[in-house]
Structure formats: C-alpha cells, structure tokens
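S.K.: give me a model of this one.
(one chain, ligands or ions: 1)
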Amino acid sequence: MAYPTAPADFRPDTHLLQDKTILVTGAGDGIGRAAALAYAAHGATVILLGRTESKLEQVYDEIEAAGGPRPALVALDLASAQEDNVLTLAQGLAGEFPHLDGLLHNASILGERRPIESAGYLAWQEVMQVNVNAQFLLTRHLLPLLQAAPAASIVFTSSGVGRKGRAYWGAYAVSKFATEGLMQVLADELENTSSVRVNSLNPGATNTAMRRSAYPGEKPTDNPAPADIMAAYLYLMSDASRGITGQAFNAR
Ligand code: NDP
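M.R.: Below you'll find the model as predicted:
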C-alpha cells in the first residue's frame, strides 16, 4: 500500500509555523528532539514534554541559542502519568496559552522484543501505558485547547509494524496498531464537527537510540538522521496540510 508523504514541492520557509504553539512529546532525544528544533526554527513556540529534564533543558537552550521563540518545558514521565497529572498539565497550559495549534505524539518505548507466548505482562502494560494510554489521556484533555485554535493538527507517530504485524515485535507493534486506530476514530469524529485534523506519521528507519537498540547489527549511519526526515513533520503541522485528516503518512 502506498502511503502519502509531504508533497515533493513542499518548501518550508522560516516563517512556516510563525505564531503557532506546538507540544512535542519525547522532545529530549531522537526524532522528537529534531522535530522540536525544526518547529522552533520555523517560528513555533514549542512545548517540550519528556521524562528526562536535563535533555529537555538542552533542547531548550539550543532553541534559545538559535534565536527561536522561548519554549516551555514539561517534565512528565508518561509511564507513570495518571489522569490527574494530565489534567493538571492541561489546566496549566490553558492558563499560559490561548490555544494549541499542534500536538506531536512522538514519545514511545520499544519494550520487549520476543514471542507473544513468552511476553511478560508487566512489560506489555508499560508499552501500552506509554505508547497508547498516555496518548489517549493527553489527546482527551488537550482537545479543548486544540479546538480553540483556528486549525490545529494532531500527529500520531506510527511505525511499519503498526501497519503490518511482524513476529517478535509484540506490544510495540500492537501499540502502533492502536495508535493508528485512535487516529482513525478521532479523525472521523472531528472531521465534520471541528477544524482539528488528525493524522499518523511513520518516520521509517531513522538513526536514533531506539533504532540502534532494535537493530544492534545495523550500521547506524545507513539510516538518515532525525533532522533529515523533517519535511513531513513540518508539513503536517503547517497550514499547507489544512483539511487533510484521517490519513496514514510516511516521512519518506
Ligand atoms: P528514541 O528512543 O530515540 O526517543 C524517544 C523519546 O521519547 C525520548 O526523548 C524519550 O525520553 C521519550 N520517552 C520515552 N519514554 C517516555 C516516557 N515514559 N515519558 C516521557 N517521554 C518518554 O526514539 P525515536 O526518536 O527513534 O522514536 C520516536 C518515535 O518514532 C517513536 O514513536 C517511535 O516508535 C517512532 N519510530 C521510530 C523509528 C526509528 O527508526 N527511529 C521507526 C519507526 C517509528 P528519554 O530521552 O528520557 O529516553
């Protein structure tokens, strides 16, 4: 099946995301870090959410040093986040920002890679908590702030194994199927009732800590760096993708 990507003639200028506020989960490392830097470089105020505060602070400093809009920093461990933590976060953001223009669900964990017949329940639950339940909670409680924007964009991060199952990818693959399902259900609910668009995006093989741990035998530099796959991430957050909803994108 062919999945859409950013149009070949998409050329983001530096003001592409001017005046937009975008929350990125897992913004301290890997693809989330690159997305946060790219959004800020294109004018967005970025809300950096992640579990390791020191990494978020580094991204914050990089954005400030590059002259980008001052970001916001939210230290939250999605593995332990409960509904009241997310409610408090949503209330705090509503006090600080009139609306939210973008939400990039990027944080995920790989979990165990082993056959279902020997998978551990605790490890299974942790993957579901971080990769699915936390996304639901954030989406559920940030929707009012997203609805307050003229045309907000929610992007869920998928994977090849969330579109076709593969042996030994266990909870991670199942969590990505769930992510695609959440995207489709929400997109269908909002299509005719809201200006919020909802899509999924599969980055494809990218040189990050997650990829290196999933494929230890691979030469890391055979895969693109996160900064090199940002076109679709920018496109889906920009007004160029207004009206596009319910679609499963590939970054490349
Ligand atoms: P990384 O492991 O490199 O980065 C993941 C980020 O998510 C890190 O910043 C990490 O925080 C954060 N995170 C993990 N767990 C939590 C948590 N409990 N609470 C808050 N933040 C958390 O992964 P990638 O950058 O490679 O992956 C980004 C997305 O892309 C994921 O959804 C992944 O499934 C998807 N993907 C990646 C591919 C690839 O080849 N890289 C291929 C297909 C899909 P910390 O820095 O503290 O660890």
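S.K.: anything in the helix or strand containing G95 near the ligand?
M.R.: Taking DSSP states H and E as the definition, G95 sits inside helix 83-96. No - Helix 83-96 is not in contact with the ligand by CB under 6 Å from any ligand atom; minimum separation 11.2 Å. To be clear about C-beta, it is placed using only N, CA and C from the backbone, and glycine gets the same treatment.
S.K.: tell me which residues of that helix come out buried.
M.R.: For helix 83-96, the neighbour count (16 or more other CB atoms under 10 Å) marks 85-86, 89-90, 93-94 as buried.
S.K.: what do you get for stretch 14-29?
M.R.: Per 16+ other CB under 10 Å, stretch 14-29 contains these buried residues: 16-17, 20-29.
S.K.: any chance of the buried residues of helix 83-96 in TSV, with distance to R166 too?
M.R.: Converted to TSV, the buried residues of helix 83-96 look like this (distance: CB to CB, whole Å):
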residue	distance to R166
N85	33
V86	31
L89	34
A90	35
L93	37
A94	40
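S.K.: how about E112, what does it touch?
M.R.: 119-120, 123-124, 170-171 (CB atoms under 8 Å, 6 or more residues apart in numbering).
S.K.: neighbour-wise, which one of those leads?
M.R.: The most crowded member of these, judged by other CB atoms under 10 Å, is A171 (26 neighbours).
S.K.: ok, that one to the ligand distance?
M.R.: 12 Å (CB to the nearest ligand atom, to the nearest Å).
S.K.: which residues does that residue contact?
M.R.: By CB under 8 Å, 6+ apart, the contact set of A171 is 111-112, 119, 123-124, 127-128, 131.
S.K.: quick revisit: so which of the contacts of E112 are in helices?
M.R.: Secondary structure from DSSP state H places 123-124, 170-171 of the contacts of E112 in helices.
S.K.: out of the contacts of A171, which are inside strands?
M.R.: Using DSSP state E, the subset of the contacts of A171 located in strands is empty.
S.K.: and those, which two are furthest apart?
M.R.: Spanning the widest gap among the contacts of A171 are A119 and N131, at 14.7 Å by CB to CB.
S.K.: if we only consider the contacts of A171, which is nearest to A8?
M.R.: For these, the nearest to A8 is N131 (31.0 Å; CB to CB).
S.K.: okay, now that closest one: neighbour count?
M.R.: 26.
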